[in-house]
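Sequence first, predicted coordinates after that:
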Amino acid sequence: MGPSFNEQFDQHGVWRREFAQQLKRLGDWMSSHDLMDSAVRERLHRLEEQVRSDKVMVAFVAEFSRGKSELINAIFFADYGRRIMPASAGRTTMCPTELGYEANVPPSLRLLPIETRLQVQSLAEWRMKPERWHEIRLDVGNADQIAKALEKVAEVRKVSLDNARALGFWHDDLVDENPVPDAHGMVEVPMWRHAIINIPHPLLKQGLVILDTPGLNAVGAEPELTVNLIPQAHAVVFILSADTGVTRSDLSIWREHLAISADSMDARLVVLNKIDTLWDTLNSAEQVQAQIERQCQTSAEMLGVPLERVVPVSAQKGLVAKITADDLLLETSGLPVLEEALAKGIMGQRQSILRSAVAHGVANLRTETSRVINIRRRDLDDQMAELRSLRGKNASVIESMRQRIEQEQREFDLSTSKIQAVRAVHLKLLRDVFQQLGAKSLKGELSELAQTLQQKGLKLGVKKIYVQTFDKLRSTMDKAQASGTEIQAMLGGTFRQLNAEFGFSLQVPPPPQLEHFTHDLHQIEQSHLQYLGMGNALKLAQPEFAERLVRALAMRLRTVYESAANDLELWSKSATAQLDAQLRERRRSFARRMEAVDRIQQAASGLVERISEIEAGEEELGQLEQKLHELTSKLVAPPAVETLDADKQLLSA
């Protein structure tokens, strides 16, 4: 049995911190040797922040009473020696609940009142208004106080049918999804719309975010949850009950919110919980096991997932086993198998993505920095040849060289106006791209869809408008890609000209690649498309629901557009940074050459001293290059094997 999820995540945290420290050491060293410009500094900062603050979200999704909160307790909070998340018979988690940790926020439970659904703001917008959340401080040293406070997420209130309808919990035409009215015609709805738990749990401090979702009725009423939060989770754990198998409501959640595309299945794990309900003393262990295997097989077939993606467990027995240190019961509960599946799937994926991002970024940095070192080496070689040619020459020859250097410098300074003109064109093209990817442009592209969704009554033609909208969005991304390629071609021509005129070694990087943002658009399109079929036509007929849907869509798309613009900006800075570096080095070269001539004119020994200094400088450059390779080799090298032992060797190296 491999390491548990907790152990693997802890190891992932150690690996991230060590990686971030290596990046910081690289940055400090580059700064101390004047190898850091603004573009390099920003790229290093982004890489370091990406590694340090990397979040891993695991979403737990299930219909009510499937043991979801108990499973979260068993996997993550058994060390408290008691239940932390409310887990009892019947409905417990009534509102979507996020568990994470932000160091600048005190340990607390923040609750957003359900009445905010009556307003058009999205969850992302409400997050920016902390005064609208009800906050309860948590005593991190008191497990009982924490558990007592978290019972708030299970709170409900009774409202009239009209209020339930306005809040999105009652649909006149969707009878099966409606709560049952009491004798007075009142129905239960959640007290809170969303909950955020900020607690310094060791795993949460290392970047784990747990998303605990309520059942079908609550999930379907919150578009931002199902079209933004769940699709962006790095793993989704879908929980069934072993005694019931896949029910109709389970199948509805799976088909409408989770079964998006084939390539997303790797991030889906199905848990067949409550296998202890099948532990019948009248049946043999073999008969019980055969029954569990049949349920797993049936569940896999109904959901259309590979059998190995269905894991049978007993969360309740696993929690008890961890608290009482009962290894036999823990193994029987199946919890270690689930933890291993989570550890291998999520941690392996996240570490691979981070390694790839860091390795690619650092490799580019090493190439650019090596280029600067080579520029310095070439300048020293030129100076050395120049100075050796002065041996035994008289004062007039030395003065003639001074005049030649001054003339070269004047010609070089005049050429900077040409470079500034290129920069102006470059920045204009870049501003045009940023405008295409700006909030105003996005709003215009979504306007027709928004108007269609906000019309009263059934929106039978909305699917066509939706497809057209995403065609426009993809077209915008294609135009941004084409603009990036155009900028790259323009810089390429300019760089070749400057290389020919001044002996630079400028190399324009490959065009920016925005294909993954187009893929993100496709994923978003698929996750929203489920809401436009006939099954949701009645929900879409409600203006409030439709408006929440389009606002959730706009927030998600804005993130994609902003990320694409940020990537383009960083690419642009990287492309022009080497020009800045070579201009800076050339100016320094002129200054050093003039200084050398001055010293030679002032003293006969100046020539010998300067030649010795250049020789020492060349030796120092060799040491710089060796140190650069040493500091970056660990960051760009791929792992030999994806095992815990290999990671430990990496960290101890």
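Looks like it came in fine. Residues are numbered from 1 along each chain as shown.

Could you check how far residue 385 is from residue 12?
To residue 12, residue 385 is 53 Å away according to Cβ to Cβ, to the nearest Å. The way it works is simple: take the backbone N, C-alpha and C, and place the C-beta from them, glycine included.

Actually, residue 467.
Taking Cβ to Cβ as the measure, residue 467 falls 40 Å from residue 12.

Who has more neighbours out of these two?
residue 12 (24 against 13; other Cβ atoms under 10 Å).

quick one: contacts for that one?
Residue 12 makes contact with 56, 206, 347, 350, 351 under the criterion Cβ atoms under 8 Å, 6 or more residues apart in numbering.

Skipping its backbone neighbours, what lies nearest the fourth one in space?
Take residue 350 and drop its neighbours on the chain: the residue closest to it by Cβ to Cβ, 6 or more residues apart in numbering is residue 56, 5.4 Å away.

do the second one as well
Distances taken as Cβ to Cβ, 6+ apart place residue 13 nearest to residue 206, at 3.4 Å, with adjacent residues excluded.

What number of residues are in the vicinity of the one you found?
By other Cβ under 10 Å, the residues close to residue 13 number 18.

which SSE is it in?
Assigned by DSSP states H and E, residue 13 belongs to helix 5-32.

again with residue 396
Under the assignment here (DSSP H and E), residue 396 is part of helix 395-436.

sec struct for residue 157, please.
Put simply, residue 157 is strand when judged by DSSP: H, G, I helix; E, B strand; the rest coil.

what packs against the helix or strand just after the helix holding residue 13?
For helix 5-32, the succeeding helix or strand toward the C-terminus, using DSSP H and E, is helix 38-52. Helix 38-52 is packed against helix 5-32, helix 348-388, helix 543-602, with contacts defined by 3 or more Cβ pairs under 8 Å, 6 or more residues apart in numbering; DSSP states H and E.

among those helices, which is nearest residue 497?
Residue 497 lies closest to helix 543-602 among these, at 11.8 Å (Cβ to Cβ).

average pLDDT for the helix or strand that comes right after that closest one?
Heading C-terminal from helix 543-602, the first helix or strand you meet, by DSSP H and E, is helix 606-636. Helix 606-636 carries an average pLDDT of 83.

Next, residue 155: phi, psi?
phi -70, psi 140 (degrees, to the nearest 10).

Then residue 62?
Residue 62 adopts backbone torsions of phi -170, psi 160, taken as degrees, to the nearest 10.

In contact with it, which residues?
Counted by Cβ under 8 Å, 6+ apart, residue 62 has contacts 68, 213, 215, 238, 239, 240, 250, 253.

Tell me how far residue 354 lies from residue 345.
Between residue 354 and residue 345 the computed distance is 15 Å (Cβ to Cβ).

before we move on, the earlier item: save the helices and strands packed on helix 38-52 as CSV, and put in mean pLDDT and distance to residue 279 too.
As requested, the helices and strands packed on helix 38-52 are arranged in CSV below (pLDDT from 0 to 100; distance: least, Cβ to Cβ, whole Å):
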stretch, mean pLDDT, distance to residue 279
helix 5-32, 80, 24
helix 348-388, 79, 32
helix 543-602, 82, 43
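
Relative to residue 119, which of these is closest?
In terms of Cβ to Cβ, the element of the helices and strands packed on helix 38-52 nearest to residue 119 is helix 543-602, at 9.3 Å.

Now do the closest one against helix 348-388: the angle between them, please.
20 degrees (axes from the mean of the first three to the mean of the last three Cα atoms, to 10 degrees).

Now find how far off-centre helix 543-602 is within its chain.
The chain centroid and the centroid of helix 543-602 are separated by 21 Å, computed with Cα atoms, centre = their mean, to the nearest Å.

State the separation between stretch 332-349 and the centre of the chain it belongs to.
Computed by Cα atoms, centre = their mean, the chain-centroid distance of stretch 332-349 equals 22 Å.

residues making contact with it?
Residues from elsewhere that reach stretch 332-349 (Cβ under 8 Å, 6+ apart): 1-9, 11-12, 56, 58, 74-75, 234-235, 237, 266-267, 269, 271, 275-276, 311-315, 317-318, 321-322, 330, 642.

now, which of these lie within strands?
Residues of the contacts of stretch 332-349 located in strands (DSSP state E): 56, 58, 235, 237, 269, 271, 311, 312.

residues touching residue 42, list them.
570, 573.

can you pick the most crowded of the ones in strands among the contacts of stretch 332-349?
In terms of neighbours by other Cβ under 10 Å, the ones in strands among the contacts of stretch 332-349 top out with residue 271 at 30 neighbours.

Identify the residues contacting the residue nearest to residue 206.
Counting by Cβ under 8 Å, 6+ apart, residue 13 has contacts 203, 205, 206, 207.

hmm, back to that, of the helices and strands packed on helix 38-52, which is nearest residue 104?
Ranking the helices and strands packed on helix 38-52 by proximity to residue 104 (Cβ to Cβ) places helix 5-32 first, at 18.1 Å.

Okay, buried residues for that closest one please.
For helix 5-32, a neighbour-count test (16 or more other Cβ atoms under 10 Å) marks 5-6, 8-9, 11-13, 15-16, 18-20, 22-23, 26-27, 29-30 as buried.

which non-adjacent residue is nearest residue 277?
Once flanking residues are discounted, residue 277 sits nearest to residue 243: 4.4 Å by Cβ to Cβ, 6+ apart.

Backbone dihedrals for that neighbour, please?
Backbone torsions for residue 243, taken as degrees, to the nearest 10, come to phi -80, psi -20.

just residue 98 next, same as before
phi -110, psi 130.

With adjacent residues omitted, what lies nearest to it?
Nearest residue to residue 98 in three dimensions, chain neighbours excluded: residue 196, at 5.0 Å (Cβ to Cβ, 6+ apart).

Check the secondary structure at that neighbour for me.
Residue 196 is classified as strand under three-state DSSP.

Number of residues surrounding the residue lying closest to residue 524 once chain neighbours are set aside?
Closest residue in space to residue 524, ignoring its immediate chain neighbours: residue 556 at 5.6 Å, by Cβ to Cβ, 6+ apart. Residues within reach of residue 556, counting by other Cβ under 10 Å, total 23.
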